[in-house]
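> model this:
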Amino acid sequence: MLRLLGILFTVLLAIATAIAVWPQFFHLEQTYPFAQVVAARGAVLGALLLLALLAMLLMLSKTLRGFAASVLIIALLGAAATALIGVNRGFGRNTLPDATDTSIRVLSWNTAGEVVSAETIAQEVVDSGADIVALPETTEAVGEEIAVMLRDQGHPMWVHNVQFNPDVVDGPKSWQTTVLVAADLGQYSVIESSQDGSSNTGSVPSVVLMPVDGSGPTIVAVHAVAPRREEMGQWRSDLQWIADQCPEGDFILAGDFNATIDHMAPLGVGGGDMGYCRDVASRTGNGLSGTWPSSLPELLSAPIDHVMASQNWTPTGSMIIADASGSDHRGLVVQLEPAATE
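Prediction:
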């Protein structure tokens, strides 16, 4: 009986490990609770290594040696596969190349309402040299404060905002998303369907900006709902909407996707991760550097904040802002260069 139980446990462990390492194979990457498990691959790797250590200790017992050996093999295979994915995406590289005359830098930071001060955000924009700043949960008033500070420091930026339920006094800050765009990039305007919510993420707003003169990338500041058990349907709908915002063309997406690139497996087109857009961090050595929650080390948290760009942009670097300044999200800065044309 014990032997049968051991075999059953081993089989179930092998299945569970396979799902945790690559839920895409089973089409479970957007299904509760597997979506939550795969969100933090660093934690999965740590758990598998801990299980391997426990199995090695159990091998000291002759009666459990065969069972423990099976568990050890499964844990090591799972850990090796997870580590290989980590090597491919990057465990962390917090440096940016020097800016060039043609490069664009994009900052994405969910500031948790007014937890992060306007002064802190403005200073980060200056320090990072950001040209586009996506700020989910930042109000328009705070965005205007930031713009005034940046103007006084010789870094003028236009402020754009979308707010859900604007008639509600003192509504949640998550009902607003603010975007700042450097004046050097030209004038942008929020498209009407984004402003009135007729085409937008469902519970918290995203912002779609179009260049007024038609020259320059379409900018989408993203905020998808969190994948809580009761919100899974809306979360999947939000991710599909975001993917639809990047057809072929010139696009930059940035913000709080509340999803890792594992969750985006069915949403990429033509080599992209979301529509035709490609994730910058995972292509510049920071794919496993987590941004939420900031209370945990980067490798144990989930990389759910992203900057993505269409294929006419080449990712050249990314950097996680280690100091979250009180927010539950770390910021992310990336650098893009126009792709070489033949």
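
> show me what contacts Arg330?
By C-beta atoms under 8 Å, 6 or more residues apart in numbering, the contact set of Arg330 is Trp109, Gly290, Thr291, Trp292, Ser294, Glu298, Ser301, Asp305, Ile320, Ile321, Ala322, Ala324. Every C-beta, even on glycine, is put in place using the N, C-alpha and C of the backbone.

> for the first one, give its distance to Val37.
Same thing as Trp109. With distances taken as C-beta to C-beta, to the nearest Å, Trp109 is found 26 Å from Val37.

> okay, buried residues for the helix ranked longest in the chain please.
Longest helix in the chain by number of residues, with DSSP state H as the criterion: helix 65-89. Neighbour-count burial for helix 65-89 flags 67-68, 70-72, 74-79, 81-82, 85-86, 89 (criterion: 16 or more other C-beta atoms under 10 Å).

> same for the helix or strand following it, what does it pack against?
Once helix 65-89 ends, the next helix or strand along the chain (criterion: DSSP states H and E) is strand 104-108. Applying 3 or more C-beta pairs under 8 Å, 6 or more residues apart in numbering; DSSP states H and E, one finds that strand 104-108 makes contact with helix 118-128, strand 132-136, strand 251-256, strand 305-309, strand 331-338.

> mind listing what strand 104-108 pairs with, with the direction of each?
Using DSSP bridges, strand 104-108 pairs in its sheet with strand 132-136 (parallel), strand 331-338 (antiparallel).

> deepest in the core, which of those is it.
strand 132-136 (a mean of 30; mean count of other C-beta atoms under 10 Å).

> hmm, who's touching that strand?
Outside strand 132-136, the residues touching it (C-beta under 8 Å, 6+ apart) are 104-111, 121, 125, 143, 146, 157, 174, 177-182, 185, 204, 207, 219, 221-223, 252, 254-256, 307.

> mind running it again at 7 Å?
For strand 132-136, the surrounding residues in contact (C-beta atoms under 7 Å, 6 or more residues apart in numbering) are 104, 106-111, 125, 143, 177-181, 219, 221, 223, 252, 254-256.

> re the thing from before, of the strands paired with strand 104-108, which is nearest Trp235?
Trp235 lies closest to strand 132-136 among the strands paired with strand 104-108, at 14.8 Å (C-beta to C-beta).

> what residues sit buried inside the helix or strand just after the closest one?
Downstream of strand 132-136, the first helix or strand assigned by DSSP H and E is helix 140-152. By 16+ other C-beta under 10 Å, the buried positions in helix 140-152 come out as Glu140, Val142, Gly143, Glu145, Ile146, Ala147, Met149, Leu150.

> now the second one. Nearest residue, chain neighbours left out?
Closest residue to Val142 in three dimensions, ignoring its sequence neighbours and counting by C-beta to C-beta, 6 or more residues apart in numbering: Ala118, at 5.1 Å.

> the one you found contacts Ile146, doesn't it?
Yes: in this structure Ala118 lies within contact range of Ile146 using C-beta atoms under 7 Å: 5.0 Å.

> Gly113: neighbouring residues, count only.
15 (other C-beta atoms under 10 Å).

> again, but for Gly271
8.

> next one: stretch 71-80 to chain centre, how far?
28 Å (C-alpha atoms, centre = their mean, to the nearest Å).

> would you put the C-alpha positions of that stretch in PDB?
Only the C-alpha atoms of stretch 71-80 are listed here, as PDB (Å, rounded to 0.1, in the frame of the first residue of the first chain):
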ATOM      1  CA  VAL A  71      11.200  13.000  -6.000                       C
ATOM      2  CA  LEU A  72      14.800  14.200  -6.400                       C
ATOM      3  CA  ILE A  73      14.900  13.500 -10.100                       C
ATOM      4  CA  ILE A  74      11.600  15.300 -10.700                       C
ATOM      5  CA  ALA A  75      12.600  18.300  -8.600                       C
ATOM      6  CA  LEU A  76      16.000  18.600 -10.300                       C
ATOM      7  CA  LEU A  77      14.500  18.400 -13.800                       C
ATOM      8  CA  GLY A  78      11.900  21.000 -12.900                       C
ATOM      9  CA  ALA A  79      14.600  23.300 -11.400                       C
ATOM     10  CA  ALA A  80      16.900  22.800 -14.400                       C
END
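
> which parts of the stretch 201-342 of the chain are helices?
For the stretch 201-342 of the chain, applying DSSP state H, counting those that start in this stretch gives helices covering 232-244.

> so, low pLDDT: which residues of it?
341-342 (pLDDT under 70).

> circling back: quick one: contacts for the residue nearest to Val142?
Per C-beta under 7 Å, 6+ apart, neighbours of Ala118: Val142, Glu145, Ile146, Met149.

> ok, now Gln240?
Leu267.

> apply 10 Å and report the result again.
For Gln240, the contacting residues are Gln30, Pro266, Leu267, Met274, Gly275, by C-beta atoms under 10 Å, 6 or more residues apart in numbering.

> please apply the same query to Asp213.
Here Asp213 is in contact with Gly186, Gln187, Tyr188 (C-beta under 10 Å, 6+ apart).

> Gly249 too?
Gly249 neighbours (C-beta under 10 Å, 6+ apart): Pro217, Thr218, Gly275, Tyr276, Ser310, Gln311, Asn312.
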